[in-house]
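S.K.: Just to be clear, the model below is a prediction. Sequence and coordinates:
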Amino acid sequence: MTEPTGTLHTGFSEPGAAATPWAAAVALLESAEIYWLSTVRPDGRPHVTPLLAIWRDDRAYVTTGATERKARNLAENPAVVLTTGTNRLSAGLDITVEGTARRVTDQPLLGRLATDYATKYGQDWAFQPGDGVLEHAEGGAALLFEITPDRVFGFAKDPYTQTRWDLG
């Protein structure tokens, strides 16, 4: 994928500020520990939950149990927002990823993501690829979803800026 060009929203940025580089957004998306996934319930109400995620090849990957609310929401409506950041006013960067989630059942990709989860989060999050799922060493299976971003927003502090990257 060609690196997207950031567009600075001057109405929400300090005078003289520059757009945040895409590389800074990717660095945060790769290194963050906690993310927040927003999905839509069948009745239209939002649902938000914290979770772990992997950013790989300009895609986000998240897991969920088959009976969890987010899995049921995604079965009805694949539109999602994934957020992460510093949660501070004084400095740092917060990121919002708007996109579409699709279930991953491809064995090679399941294997790569199982390795990525264990590398990033340790053995408590060690998975083995199963039949279209990630199987946890202590039992249980997780569905893996790939989030393809359409648009990403970066909210930087010091100076305050709002940058938009269009990917879709």
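M.R.: Looks like it came in fine.
S.K.: just checking, what packs against the longest strand anywhere in the chain?
M.R.: Longest strand in the chain, counting residues (DSSP state E): strand 141-157. Identification of packing neighbours for strand 141-157 by 3 or more Cβ pairs under 8 Å, 6 or more residues apart in numbering; DSSP states H and E yields helix 22-31, strand 59-64, strand 92-104, helix 107-121, strand 134-136, strand 161-166. C-beta: built from backbone N, CA, C; applies to glycine.
S.K.: Nearest to Leu144, out of those?
M.R.: The closest of the helices and strands packed on strand 141-157 to Leu144 is strand 92-104. By Cβ to Cβ, the value is 4.4 Å.
S.K.: now the angle from that closest one to strand 141-157?
M.R.: Interaxial angle, strand 92-104 versus strand 141-157 (axes from the mean of the first three to the mean of the last three Cα atoms, to 10 degrees): 150 degrees.
S.K.: please renumber so the chain begins at 73
M.R.: Renumbered: residue one is now 73, and that last one reads strand 164-176.
S.K.: where in this protein is pLDDT low?
M.R.: Applying pLDDT under 70 to the chain flags the ranges 73.
S.K.: If we use 90, what do you get?
M.R.: Residues of the chain meeting the criterion pLDDT under 90: 73-75, 77, 158-163, 195-198, 208-212, 230, 240.
S.K.: a markdown table please, covering the helices and strands packed on strand 213-229 and showing mean neighbour count and distance to Ile219.
M.R.: Formatted as a markdown table, those follow (neighbours: other Cβ atoms under 10 Å; distance: least, Cβ to Cβ, whole Å):
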| stretch | mean neighbour count | distance to Ile219 |
| --- | --- | --- |
| helix 94-103 | 16 | 11 |
| strand 131-136 | 22 | 4 |
| strand 164-176 | 19 | 5 |
| helix 179-193 | 16 | 12 |
| strand 206-208 | 20 | 16 |
| strand 233-238 | 20 | 15 |
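S.K.: if we compare the ones you listed, which one ends up closest to Val112?
M.R.: strand 164-176 (11.0 Å).
S.K.: neighbouring strands for that closest one, and are they parallel or not?
M.R.: strand 151-156 (antiparallel), strand 213-229 (antiparallel) (DSSP bridges).
S.K.: hmm, back to that, of all the helices and strands packed on strand 213-229, which lies closest to Phe217?
M.R.: If we rank the helices and strands packed on strand 213-229 by Cβ to Cβ, the stretch that ends up nearest is strand 164-176, at 4.4 Å.
S.K.: roughly how far out does that closest one sit from the chain middle?
M.R.: Counting by Cα atoms, centre = their mean, to the nearest Å, strand 164-176 is centred 4 Å from the centre of its parent chain.
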